[in-house]
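*Asks:* one predicted model, sequence on top.
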Amino acid sequence: MRKFTPTIFFLLLLFVSAKGFAQEKKRVEILQAGDLVQSENLANAQRLINDVIIRHEDILMYCDSAYTYEGTNRVDAFGNVHINQGDTLHLYARKVFYDGDRSFAQAINDVKLVNTDVTLYTDTLDYDMNLNVGYYDCFGKIVDSTNTLTSKIGKYYLDNNEAHFTDSVVGYSDKYTIDSEDLRYNTKTEVINFKGPTTIRDSVNTLYAEDGWYNTQSGEADLNLHPMVYNDTQSIKAKQISYNKEDGDGYAEGNVHIEDYENRTIIQGNKVVYNDEKETAIATDSAVFISYNETDSLFLHADTLKSIPDTIDGENLVMAYYGVRFFRNDVQGVCDSLMYFTKDSLVQLHRNPVIWSEQHQLSADYIEMVQHSHAPNEMHLTKNSFIISKQDSGRFDQIKGKDMLGYIINGKLNHIDVDGNGQTLYYARDEEAVIGLNRAESSNISIRFKEGKIHTIAFQKQPEGQLKPILKLEESEKTLPGFEWKIKLRPLSKNDIFWQPEKKEATTNEDVVSEQ
């Protein structure tokens with residue numbers, strides 16, 4: 001008697017097991033049909049007619065007529081085809097080519113795939129029942145309780161609750177519309193992830209980016225790669241923008257640029273927190289405020305910039321804190337903090353403000369600048385007011401007083417009114433040269449300028465003063481008490497607003513003059 005070796009026994013066991021599995025594989029069952037006819041045109045085929053019901057594993061198929069093929073699990077179904085899989089998925093079409101051996105179905109004409117509360121519509125759908133993936137390339141759309149998304153090419157991953165749309169993608173609901181070339185939509189979270197140029201429009205803003213995600217329910221978005229948020233009155237650009245439509249909150253980072261078209265202002269910085277509903281913005285890290293018009297622009301830098309609506313409709317209030325420096329062609333300045341009212345073009349400078357215009361330096365405890373459209377611009381200097389005007393050969397005309405009101409015409413200082421404790425120190429000239437230094441004091445003084453120099457002085461009360469020849473001047477007589485020429489702090493261009501001076505000891509008058 002021949003003995004089985006272990007190897008032969010193991011191979012025989014595999015053969016028997018495989019044969020048993022093959023025998024157990026389920027075949028297509030015909031549960032119902034009005035008529036069954038052997039096909040004359042197709043070998044090994046039979047035709048089922050009227051109220052056909054076929055079952056294969058967990059699939060039930062209903063149709064008007066069908067072909068089944070001997071020795072295979074293929075079914076070609078026609079007319080009002082309905083496939084039900086696992087009681088949750090329903091596939092409808094005018095015809096379906098089903099291959100049970102590959103667990104694959106192709107549905108054609110008026111295709112509808114229903115998976116609980118999600119429905120896919122297309123003209124031709126290939127459906128892999130093993131992977132639970134349906135895909136089309138001839139335009140289709142997916143609809144759920146709130147959203148509709150259409151595209152030329154699409155894949156629906158039922159197990160992952162995700163649809164991938166490419167080519168001519170359009171999505172919409174009563175809250176938004178979206179145009180893209182490549183996006184993924186999660187039917188459970190209702191969140192869209194997209195790549196490539198994408199535009200989203202909600203009831204407030206238009207969003208653009210080439211990478212990011214958007215929550216179709218909350219309106220929350222994270223935008224990357226050339227992102228932009230804009231409407232009719234303002235726009236936001238940055239390297240990355242986070243946005244929430246529900247509360248209006250947003251965050252932008254990296255070369256942020258926020259422009260207000262109505263007020264003609266721009267806020268820039270590397271980090272900006274903003275709110276659309278409240279129309280507020282806070283910029284830090286290289287923060288810049290720009291106010292522009294047809295003739296000139298103001299460039300202002302501070303550690304922190306904040307923009308909020310003012311009480312007047314349509315007006316914004318811009319607040320700048322710490323290390324303020326600004327540049328405009330006709331005026332430049334520094335201070336610790338500043339407030340700017342966009343509608344009135346009113347600028348308030350707080351704590352150690354200094355302003356330069358041409359060769360003039362103006363300082364006080366508090367300064368206001370008012371820009372008028374059809375009248376001279378004004379500068380209000382309050383407490384410890386001091387104006388220094390640099391002349392030839394390092395000489396300085398000086399005006400000092402309690403409060404001052406200055407008028408600027410065509411970008412030039414035209415005249416100054418001094419109110420309280422007025423003092424002047426200026427170089428008197430004849431037609432050829434300087435003849436002496438004139439020192440005068442009066443409680444109220446009115447001074448007019450011509451070509452940057454003091455031209456006329458009117459004293460409301462009899463002044464106390466003297467004219468001293470140049471050759472008889474002591475160095476200490478050339479300046480008024482509190483004189484400090486701070487020219488090194490002056491911003492020289494729009495790029496110079498970022499410069500910060502180094503801390504140093506107080507400068508003497510001799511040092512100041514020698515610097516010139």
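*Replies:* Good, I have the coordinates.

*Asks:* do I have it right that N263 meets E315?
*Replies:* Yes - using C-beta atoms under 8 Å, N263 is in contact with E315, at 7.5 Å. To be clear about C-beta, it is placed using only N, CA and C from the backbone, and glycine gets the same treatment.

*Asks:* where do the contact lists of those two overlap?
*Replies:* 342-343 (C-beta atoms under 8 Å, 6 or more residues apart in numbering).

*Asks:* quick one: mean pLDDT for the helix or strand encompassing F449?
*Replies:* Using DSSP states H and E, F449 sits within strand 434-450. The average of the pLDDT scores along strand 434-450 is 87.

*Asks:* so after it, what's the next helix or strand?
*Replies:* Beyond strand 434-450 toward the C-terminal end (DSSP H and E), the next one is strand 453-459.

*Asks:* now that following strand, how far from the centre of its chain.
*Replies:* Chain-centre distance of strand 453-459: 52 Å, with C-alpha atoms, centre = their mean, to the nearest Å.

*Asks:* which element follows that strand toward the C-terminus?
*Replies:* Counting by DSSP H and E, what follows strand 453-459 is strand 464-468.

*Asks:* that following strand - what's its average pLDDT?
*Replies:* So the average pLDDT for strand 464-468 ends up being 82.

*Asks:* likewise for stretch 387-401?
*Replies:* 87.

*Asks:* stretch 160-176 too?
*Replies:* Rounded mean pLDDT across stretch 160-176 is 95.

*Asks:* in it, what counts as buried?
*Replies:* For stretch 160-176, a neighbour-count test (16 or more other C-beta atoms under 10 Å) marks 162-166, 169, 171, 173, 176 as buried.

*Asks:* now swap in stretch 130-137 and tell me
*Replies:* Quick answer for stretch 130-137 (16+ other C-beta under 10 Å): 132-137.

*Asks:* stretch 472-480 now?
*Replies:* Buried residues in stretch 472-480, counted by 16+ other C-beta under 10 Å: 478-480.

*Asks:* need the contact list for H380.
*Replies:* Counted by C-beta under 8 Å, 6+ apart, H380 has contacts 367-370, 403-406.

*Asks:* swap the cut-off to 6 Å and go again
*Replies:* Counting by C-beta atoms under 6 Å, 6 or more residues apart in numbering, H380 makes contact with 368, 405.

*Asks:* mind checking which helix or strand it is in?
*Replies:* Short version, using DSSP H and E: H380 is in strand 377-390.

*Asks:* can you map out the helices along the chain?
*Replies:* 6-24, 509-515 (DSSP state H).

*Asks:* and these, which one averages the lowest pLDDT?
*Replies:* Note on the helices of the chain: helix 6-24 shows the lowest mean pLDDT, a mean of 39.

*Asks:* would you confirm that E253 contacts I241?
*Replies:* No - in this structure E253 lies outside contact range of I241 using C-beta atoms under 6 Å: 8.0 Å.

*Asks:* what's the strand holding F449 packed up against?
*Replies:* Secondary-structure packing of strand 434-450 (3 or more C-beta pairs under 6 Å, 6 or more residues apart in numbering; DSSP states H and E): strand 412-429, strand 453-459, strand 464-468.

*Asks:* so, low pLDDT: which residues of the protein?
*Replies:* The model of the chain has pLDDT under 70 over residues 1-25, 39-41, 314, 373-375, 501-516.

*Asks:* what bridges to D202?
*Replies:* Beta-bridge partners recorded for D202 (DSSP bridges): Y176.

*Asks:* and the nearest residue to K412 once chain neighbours are set aside, how far is that from R102?
*Replies:* Nearest residue to K412 in three dimensions, chain neighbours excluded: E358, at 6.4 Å (C-beta to C-beta, 6 or more residues apart in numbering). Plainly put, E358 is 86 Å away from R102 if you go by C-beta to C-beta, to the nearest Å.

*Asks:* ok, these two, which is more surrounded?
*Replies:* E358 (16 against 12; other C-beta atoms under 10 Å).

*Asks:* from G452, how far out is that one?
*Replies:* On the measure of C-beta to C-beta, E358 and G452 end up 5 Å apart.

*Asks:* which of E253 and I241 has more neighbours?
*Replies:* Using other C-beta under 10 Å as the criterion, E253 and I241 rank with I241 on top: 26 against 16.

*Asks:* check the offset of stretch 170-178 from the chain's centre.
*Replies:* Put simply, stretch 170-178 sits 20 Å off its chain's centre (C-alpha atoms, centre = their mean).

*Asks:* oh sorry, the question was meant for stretch 380-391
*Replies:* With C-alpha atoms, centre = their mean as the basis, stretch 380-391 stands 42 Å off its chain's centre.

*Asks:* equivalent analysis for stretch 45-63, please.
*Replies:* With C-alpha atoms, centre = their mean, you get 57 Å for stretch 45-63.

*Asks:* measure how buried the residue lying closest to T119 once chain neighbours are set aside is and give me the count.
*Replies:* Using C-beta to C-beta, 6+ apart and skipping residues adjacent in sequence, the residue nearest T119 is V143, 5.0 Å away. V143 is flanked by 16 other residues according to other C-beta under 10 Å.

*Asks:* L413 now?
*Replies:* With other C-beta under 10 Å as criterion, L413 counts 24.

*Asks:* beta partners of it?
*Replies:* Taking DSSP bridges as the rule, L413 bridges to I408.

*Asks:* single out the most deeply packed of the helices and strands packed on strand 434-450.
*Replies:* Most buried of these, by mean neighbour count (mean count of other C-beta atoms under 10 Å): strand 412-429, with a mean of 20.

*Asks:* between that one and strand 453-459, how many degrees?
*Replies:* With axes from the mean of the first three to the mean of the last three C-alpha atoms, to 10 degrees applied, the angle from strand 412-429 to strand 453-459 works out at 90 degrees.

*Asks:* I figured V111 hits L120, correct?
*Replies:* No - if you go by C-beta under 6 Å, V111 and L120 don't touch, sitting 7.7 Å apart.

*Asks:* of the buried residues of stretch 130-137, closest to Y67?
*Replies:* G134 (23.0 Å; C-beta to C-beta).

*Asks:* the strand holding H380: which residues count as buried?
*Replies:* 377, 379-382, 385-390.

*Asks:* likewise for stretch 284-297?
*Replies:* 284, 287-291.

*Asks:* JSON lines for those residues, including distance to D249?
*Replies:* Conversion of the buried residues of stretch 284-297 to JSON lines gives the following (distance: C-beta to C-beta, whole Å):
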{"residue": "T284", "distance to D249": "16"}
{"residue": "A287", "distance to D249": "19"}
{"residue": "V288", "distance to D249": "22"}
{"residue": "F289", "distance to D249": "21"}
{"residue": "I290", "distance to D249": "24"}
{"residue": "S291", "distance to D249": "26"}
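
*Asks:* what is the burial count for S307?
*Replies:* 24.

*Asks:* what's it in contact with, if anything?
*Replies:* Neighbours of S307 in contact, by C-beta under 6 Å, 6+ apart: 267, 281, 316, 318.

*Asks:* for Q217, state which of those residues is nearest.
*Replies:* Nearest member of the contacts of S307 to Q217, counting by C-beta to C-beta, is A281, at 26.2 Å.

*Asks:* isn't the closest one right next to Y274, touching?
*Replies:* Yes - the criterion here is C-beta under 6 Å, and A281 meets it with Y274 at 4.1 Å.

*Asks:* my guess is H56 contacts G100. True?
*Replies:* Yes - using C-beta under 6 Å, H56 is in contact with G100, at 4.7 Å.

*Asks:* shared neighbours of those two, anything?
*Replies:* V28.

*Asks:* related to what we said a few turns ago, how near is the residue nearest to T119 to K486?
*Replies:* According to C-beta to C-beta, V143 and K486 sit 69 Å apart.

*Asks:* N316 too?
*Replies:* 30 Å.

*Asks:* between those two, who's got more neighbours?
*Replies:* Ranked by neighbour count (other C-beta under 10 Å), N316 and K486 place N316 first, with 21 against 16.
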